[in-house]
Structures are given as C-alpha cells and as structure tokens.
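Peer 1: Fold the following.
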Amino acid sequence: MAATAASTLQIAAAKPSMFSAQTIFRGRAANVGINSLGASWAKLSSGCHISSGRHFNRTYTSSPAKFNKASTKAMSESAESKPAAGLPIDLRGKRAFIAGVADDNGYGWAIAKSLAAAGAEILVGTWVPALNIFETSLRRGKFDESRVLPDGSLMEITKVYPLDAVFDTPEDVPEDIKTNKRYAGSSNWTVKEAAECVKQDFGSIDILVHSLANGTEVTKPLLETSRKGYLAAISASSYSYVSLLQHFLPIMNPGGSTISLTYIASERIIPGYGGGMSSAKAALESDTKVLAFEAGRKRKIRVNTISAGPLRSRAAKAIGFIDMMIDYSIENAPLQKELSADEVGNTAAFLVSPLASAITGAVIYVDNGLNAMGVGVDSPIFKDLNIPRSS
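Peer 2: You can find the predicted model right below:
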C-alpha cells in the first residue's frame, strides 16, 4: 500500500490521491535568477532519479531577455527592493521538502505555494504510481493557473522525487511491488533513498512537510476493520512521519521545522472515518509531541501538526461524504464559512518561519473553530434557542 496525500478530512481511501489547492499568501519571495537555474540544472543531472530531469517550467529555454519576463520569477525586482511592512514571513534562502504532492488540489500543494510565496525553494516527493501524470501535467502547463503566486509569478518546483513512504529501505519492498508496472522506470523511492538523493543534490533542507495518509479500509467501521487494514493505515498515515523525520533529520539545518497534517477524528467521533484512520491520526498527534522533544534536543528542530478542517480534495471525495462534512462545518463552526486550502498553507508558512520560533509539539487547529464546539447547533433540539448566525 502506498502512502499518499492526506485529504482535508485527512482521508485517503483505497484509491490514493495527493491533494492541494490554490493559495493566496502575502509574503515575500526570493528572486530566482539565471545563476541559480544553472546550478539547479546541474543538480538535476545527478544519479538520483527524477523522471523529467529538468525544471517544470516551459520558459526556461527562453533568452535572458525573455527570462526576465518569465512568470517563474518568485519575486519581481520592484518587490525585492521595497522594505517589507509589518511582520513579513520571509523564507528566502530556505529549502523545503514536501512529501505528498501529486496534483494541484489539496493541502500539500497549498502549503508548497505558501512556502514558495514566502521565498522558500520547493522540493516535492510524489507517490510513485502518480509520478508520471504529475510531472507531465506540470510540463504541459495544466497546473499553471493554480501555480500563480500573489505577485503574478508561477510557483517553481525545483525538483520532484519519487516517494513511497510506506517503505523505509529497499530491503522493505516486497517482490510484488518491485515488479509492479506502476513502479517501473522509477528508482530510489524509499524514504531512506529519497533522503540520500536530496542530500546528494542539495546537501540539506530547512523544512520538512508530511502530507501523507492512506487507509484502504477507511469506509469500514472500526469494528469491521481487519488487522491488516488497521496496521496499513497506521503505517501510511503516522509511522511514515516518524520514518521521514528519522531519515531527513540528519540533513536538516539546526533551527529548522517540520509539520504534518492531522484531523479532529483523532479526538472526536466522526462516523464514516474508519479503517483505523482515526487511530492513525491520534498516533500522529502523540508522535508530534515526542518527536518535538527528541528532534528539538538533538538538532533544534521544531515539530508541529495542523488539524485542518474539511476540504473538497480528490482524496476526500473518494470517501463519499465530504460535502456533508463541509456543510456541517459551515452550520456549526464559530466562523460560518467554507475553509480554503490557502488558510492551511498560510498557517504552515507561519509555523515553519522564525515568527513561530517558540512553537513546537503543538496541534494547531485550522478549521474555523469547529474543534471548540461541544454540540451541533444545527440540531432541531436547539430550534427554540436564539443562536446567532452569520449575516
């Protein structure tokens, strides 16, 4: 089973899917110059696998004059020369590895965009069976509309790595996966190998994002979940984070930060969110605290998780009741509005920035306040109460 991107409900059903969405983030971003492109092109020729072997931008072969107009510039010269107002989230000079991006519809993509808007260099890990489609879509410009940053430029993904976070080392991969056609042509995609490739290509990273979840039996009640399905959900959705941090921690610069995505089902009953997924999210939150202590003491790395509300991502749609959960949230949350992926992306950008330098081991709720509610106020039981509503 492959670990794939977590949905807004942090659900990935038997049909795994990566998710992300457009973000609008008001931060400063770094200018991508010709020299950095040359260096990155050299890195792309390394021995570590990347199927396309080039930046995902259709304008990189343009002349220098045209390049100055290219939309891949992460920040215009005029913006770069202006002093930032207020407390800017500035991630220039930082490098982020985001595990769990395979389309432009979900929180993983949204986080990537917010980090890019703040100036970070973006590397992504994509589930192997989805790799070719993702890279092809990038090259053909299918994601260009959702790559647009606040300054009008396009988010640049420096490199895409194949990744299946269910497997820690090559020795862990069973024969049926090795011979699976969906994995043909890809190499170095276990967690250990991916970390080694990033080290070989770039030396180090500053930010690690875990946007992975999978539960093959997510539609089954817990009482009907098999041991295999339960353990698979734990492996793909929570231990994958432990493994990622275990292998990437040695190449993370001191003072760096890592975040994951969780869901309120870790602590509240959400009927329909089964197959061991609620247990996996509870484990993820518990591990966040322990990892915060261990990574903090060992390398001064901060570890947090974002408990995000429901989003209409492809993975969430697979479970069948995402629209119901969004409607429920709008009716019952303190803030009566639909949650957008950019709100989670912007929170992630804050958490990995120096502005959050004292925040670690925390579960940060980004759900319009739904986590604070003890009852569903849309119940007929409360019809005679004068419950305020948004105008």
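
Peer 1: Would you mind writing the CA trace of the biggest strand by length in the chain as CSV?
Peer 2: Longest strand in the chain, counting residues (DSSP state E): strand 252-262. Taking C-alpha atoms only, strand 252-262 is exported to CSV below (Å, rounded to 0.1, in the frame of the first residue of the first chain):
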residue,chain,number,x,y,z
MET,A,252,18.0,19.3,8.3
ASN,A,253,19.7,22.5,9.3
PRO,A,254,19.5,23.3,13.0
GLY,A,255,16.6,25.7,13.7
GLY,A,256,14.6,24.0,11.0
SER,A,257,10.9,23.0,11.3
THR,A,258,8.7,20.1,10.3
ILE,A,259,4.9,19.9,10.1
SER,A,260,2.3,17.2,9.4
LEU,A,261,-1.5,17.3,8.8
THR,A,262,-4.0,15.7,11.2
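
Peer 1: Now the element after that strand, going C-ward?
Peer 2: Following strand 252-262 in sequence order, the next helix or strand is helix 277-299 (DSSP states H and E).

Peer 1: Show me what that next one is packed up against.
Peer 2: Applying 3 or more C-beta pairs under 8 Å, 6 or more residues apart in numbering; DSSP states H and E, we find helix 277-299 packed against helix 227-234, helix 240-248, strand 252-262, strand 302-308. The way it works is simple: take the backbone N, C-alpha and C, and place the C-beta from them, glycine included.

Peer 1: Could I get the ones you listed in TSV, plus columns for distance to Val198 and mean neighbour count?
Peer 2: Formatted as TSV, the helices and strands packed on helix 277-299 follow (distance: least, C-beta to C-beta, whole Å; neighbours: other C-beta atoms under 10 Å):
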stretch	distance to Val198	mean neighbour count
helix 227-234	25	18
helix 240-248	7	23
strand 252-262	10	23
strand 302-308	19	25
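
Peer 1: Mean pLDDT and distance to Glu175 for those - can I get that in CSV?
Peer 2: As requested, the helices and strands packed on helix 277-299 are exported to CSV (pLDDT from 0 to 100; distance: least, C-beta to C-beta, whole Å):
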stretch, mean pLDDT, distance to Glu175
helix 227-234, 98, 18
helix 240-248, 98, 21
strand 252-262, 98, 31
strand 302-308, 98, 35
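
Peer 1: CSV for these, including distance to Ala130?
Peer 2: Formatted as CSV, the helices and strands packed on helix 277-299 follow (distance: least, C-beta to C-beta, whole Å):
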stretch, distance to Ala130
helix 227-234, 18
helix 240-248, 16
strand 252-262, 18
strand 302-308, 21
